[in-house]
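>>> Requesting a structural model of the entry that follows:
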Amino acid sequence: MKRAVVLGSTGSIGRQTLDIIRQHPDDLKVVGLVANKSARALAEQASLFGAEKTALMDEDAAKAAGVPGGMDAVIDVATMHDADIVVVAVAGVIGLQPTIAAIEAGKMIALASKEVLVAAGEIVMPLIKEKGITMTPIDSEHSALFQCLQGYQPNQVDRLILTASGGPFRGKTKQELQAVTTKQALAHPTWSMGGKITVDSATLMNKGLEIIEARWLFNVAIEQVDVVIHPQSIVHSFVKFKDGSVLGQCGWPDMRLPIQYALLYPQRKRNDMKPWNPVDTPELTFEKPDEHTFKSLRLARSAASAGGTMPCVFNAANEHCANAFLEGGCGFLQIADVVEQVMLRHTKEKATLESILSQDRWARETADSILKSG
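Have a look, this model is predicted:
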């Protein structure tokens with residue numbers, strides 16, 4: 001029995017995590033839940049799953065609901081004595097501090113919030129190694145890589161190949177994307193996800209973030225991580241080995257499968273998901289990404305190569321701009337342009353928790369200033 005804390009329990013990944021836990025009552029039990037502002041939904045989940053502790057990230061919402069709130073309260077849940085595994089499914093770099101606290105407390109980590117490793121892989125992964133903690137990825141692409149790498153040594157790996165659906169604007173030109181609306185960007189062709197991550201998928205920023213995350217999770221050079229467009233979203237990623245063999249992991253686009261693998265690893269158990277059969281999708285296609293129209297992949301590689309606080313700045317600027325786009329304060333193509341401008345203005349610092357949190361704030365403020373200046 002693994003006792004789980006779910007950070008971000010009322011979001012898309014959080015709700016699907018609870019569905020997996022519900023399906024495996026002999027293997028998984030909820031002991032703690034954290035949400036951002038959704039006090040009522042959090043209370044309903046806590047009652048349904050018997051959570052011992054809850055907290056809200058937003059202090060005002062917590063005060064209004066009469067529940068613990070703020071970062072200290074979240075960390076208290078993430079490090080609770082009864083927990084074995086902490087699912088990090090909060091949107092953005094806000095999940096960094098409770099993740100680090102949970103690692104220091106000896107908890108296993110099931111990671112959905114890619115921003116944690118994008119912004120702070122330089123400090124998180126050494127801490128994972130020092131504490132002897134297992135970190136299992138929830139992202140479908142990184143779960144696929146993790147599964148394909150079981151039983152293999154890092155020095156046998158030639159390349160990691162992340163697949164991307166291409167989002168709703170695959171094949172579009174810059175001119176065609178000038179007047180993209182929020183509604184169009186949120187119409188993802190294969191996945192059902194939260195707003196910010198769906199925008200990231202449309203800009204291919206999500207894949208840029210995943211490149212950096214893969215670099216840290218699997219201890220490879222950034223040059224060893226490739227991206228291929230795969231519109232059907234059936235092959236979730238490939239590993240190419242030095243002998244030329246290529247392994248891939250396949251399945252319907254359902255986040256519950258990688259969530260289950262992350263929670264129950266190394267076990268595999270039956271569930272209520274529809275199994276994939278090759279004859280169901282006889283035509284699987286692959287193509288190169290258009291890095292001229294979608295420059296986020298280039299920006300991600302540049303940030304990763306620079307290291308230090310640059311990946312944090314890349315992530316924070318994108319997060320601010322993506323949310324601004326959702327609120328009507330940023331154009332679609334403007335997202336990558338502003339991220340690039342923020343990166344050009346940044347003076348890299350050594351990555352520490354303090355510098356990452358400080359430069360995260362700086363990047364958001366700088367991006368906001370650029371957007372407001374027109």
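
>>> Please identify the helix or strand for Leu162.
Element membership of Leu162 [criterion: DSSP states H and E] is strand 157-164.

>>> Mind giving me the packing neighbours of that strand?
helix 140-148, helix 205-217, strand 225-229, strand 235-241 (3 or more Cβ pairs under 8 Å, 6 or more residues apart in numbering; DSSP states H and E). (Each C-beta comes from the backbone N, C-alpha and C, glycine too.)

>>> Run me through the strand neighbours of that strand, direction for each.
strand 225-229 (parallel), strand 235-241 (antiparallel) (DSSP bridges).

>>> Those strands: which one's closest to Leu297?
strand 225-229 (6.0 Å; Cβ to Cβ).

>>> Enumerate every residue touching Asn315.
Val93, Glu115, Val118, Ala119, Leu209, Asp360, Ala363 (Cβ atoms under 8 Å, 6 or more residues apart in numbering).

>>> if I read this right, the second one contacts Thr99, doesn't it?
No. Under the criterion of Cβ atoms under 8 Å, Glu115 makes no contact with Thr99, lying 10.1 Å away.

>>> For the stretch 151-300 of the chain, give me the ranges with low pLDDT.
192 (pLDDT under 70).

>>> circling back: taking the contacts of Asn315 one by one, which sit in helices?
Those of these mapping onto helices are Glu115, Val118, Ala119, Leu209, Asp360, Ala363, per DSSP state H.

>>> With respect to Ala304, which of the residues you listed is nearest?
Val118 (8.7 Å).

>>> How many neighbouring residues does the closest one have?
Using other Cβ atoms under 10 Å, the number of residues around Val118 comes to 27.

>>> Same check on His320?
Residues near His320, counting by other Cβ under 10 Å: 26.

>>> Could you report the pLDDT at it?
Predicted confidence (pLDDT) for His320: 96.

>>> Which helix or strand contains it?
Remark: His320 resides in helix 310-326, with elements defined by DSSP H and E.

>>> on that earlier part again, dump the ones in helices among the contacts of Asn315 to TSV, plus distance to Glu104.
Shown next, in TSV, are these (distance: Cβ to Cβ, whole Å):
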residue	distance to Glu104
Glu115	19
Val118	20
Ala119	18
Leu209	24
Asp360	20
Ala363	26
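
>>> For the residues you listed, which single residue is the most surrounded?
Of all these, Ala119 has the most neighbours under the rule other Cβ under 10 Å, reaching 31 neighbours.

>>> Wait, Met193 touches Val199, no?
No. Counting by Cβ under 8 Å, Val199 is not a contact partner of Met193; they are 9.7 Å apart.

>>> Show me which of the two is the more surrounded one.
Between Met193 and Val199, Val199 has the larger neighbour count (other Cβ under 10 Å), namely 26 against 18.

>>> A helix includes the more buried one, no?
Yes. Counting by DSSP: H, G, I helix; E, B strand; the rest coil, Val199 is found in a helix.

>>> any idea what sits nearest it, other than its immediate chain neighbours?
Spatial nearest neighbour of Val199, chain neighbours left out: Ala322 (4.6 Å); criterion: Cβ to Cβ, 6 or more residues apart in numbering.

>>> could you pull out the strands for the protein?
Secondary structure of the chain (DSSP state E): strands at 2-7, 28-35, 53-56, 85-88, 108-111, 135-137, 157-164, 225-229, 235-241, 246-250.
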